[in-house]
Structures are given as C-alpha cells and as structure tokens.
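>>> Using only what follows, build the 3D model:
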Amino acid sequence: MEVRSHAAQVPFTTKDGSTIRSLLDRANAPVENQSLAEATIPAGGATERHYHRASEEFYYLLEGRGIMEIDGESREVAPGDAILIPAGAWHQITAVEPLRFLCCCAPPYAHEDTFFE
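Numbering: from 1, shown residues only. Below is the predicted model of the structure:
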C-alpha cells in the first residue's frame, strides 16, 4: 500500500511558475501512468502559458477564483470546478484570488514535457 502525507511532500516551483506539492508521482511512489499534485498561485499571479505534448491534465479547484485559458478560450473558475486540459492544448491559469487546486496528469507530469511560446 502506498500512502503519502501532504505535510511530508516538499513544495517546488515548476517550469510554468506554479508552486507544486507532488502528492503521488514518479519521484515519491511507484507510479507509472499518472500523477497527482497540489498547486498554489498567489492572487494576481499566473502560470506561464504552455502546453504538454504527452500529458492530458485535469485541474480541480479547491480554493480561490481564477481565469482559465485553454487554446484561446477563457472563463472564470471557482472551487468545485474540474477542468480538462487535453494534451497539446495551450493553457494558462491566472489567480483572481489565491488559488489552490489539484493537478492530475496522465502520463505523469515531467518538466521535459512542458513547452512554452
């Protein structure tokens, strides 16, 4: 059985500028096909617009409000919203209020699968 405590996972900054706490991924568990992380972005902050060639991504908002942009389409997002980001889709999330959300990637998140304009 694999169980990882939130408090035991050390946050780091990804290439897109968000602060991530990996909950289950290749770095801390015998994960093969997906990853789960918690992301935070301060009010007024944003990820750098990017895409992942291989990974499909889900965001699930836990706290705050923001603007989600995917391939040029934008909409406001809030707690309880689940967002699908297809592999290859350009995307950026901007925090109107401090954001805390879950990120799920399949295959697992990898820095080398993050591409910028």
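>>> so what's the residue nearest to the spatial centre of the chain bridging to?
Of all residues in the chain, the one closest to the mean position by CA atoms, centre = their mean is Cys103, 3.9 Å from it. Partner residues in beta bridges with Cys103: Ala37, Tyr59, with DSSP bridges as the criterion.
>>> quick one: it and Ala7, what's the gap?
18 Å (CB to CB, to the nearest Å). Where you see a C-beta, it was placed from the backbone N, CA and C, and this is true even at glycine.
>>> Repeat that for Leu24.
Separation of Leu24 from Ala7 (CB to CB) stands at 15 Å.
>>> Looking at the two, which is more packed in?
Leu24 (19 against 7; other CB atoms under 10 Å).
>>> Just list the residues touching that one, thanks.
Listed by CB atoms under 8 Å, 6 or more residues apart in numbering, the contact set of Leu24 reads 2, 4, 31, 35-36.
>>> of all those, which comes closest to Arg49?
The closest of those to Arg49 turns out to be Ser35 (CB to CB; 21.0 Å).
>>> Is it possible to get a markdown table of the contacts of Leu24 that adds pLDDT and distance to Glu97?
Compiled in a markdown table, these are given as follows (pLDDT from 0 to 100; distance: CB to CB, whole Å):
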| residue | pLDDT | distance to Glu97 |
| --- | --- | --- |
| Glu2 | 92 | 33 |
| Arg4 | 94 | 28 |
| Val31 | 93 | 31 |
| Ser35 | 96 | 26 |
| Leu36 | 97 | 23 |
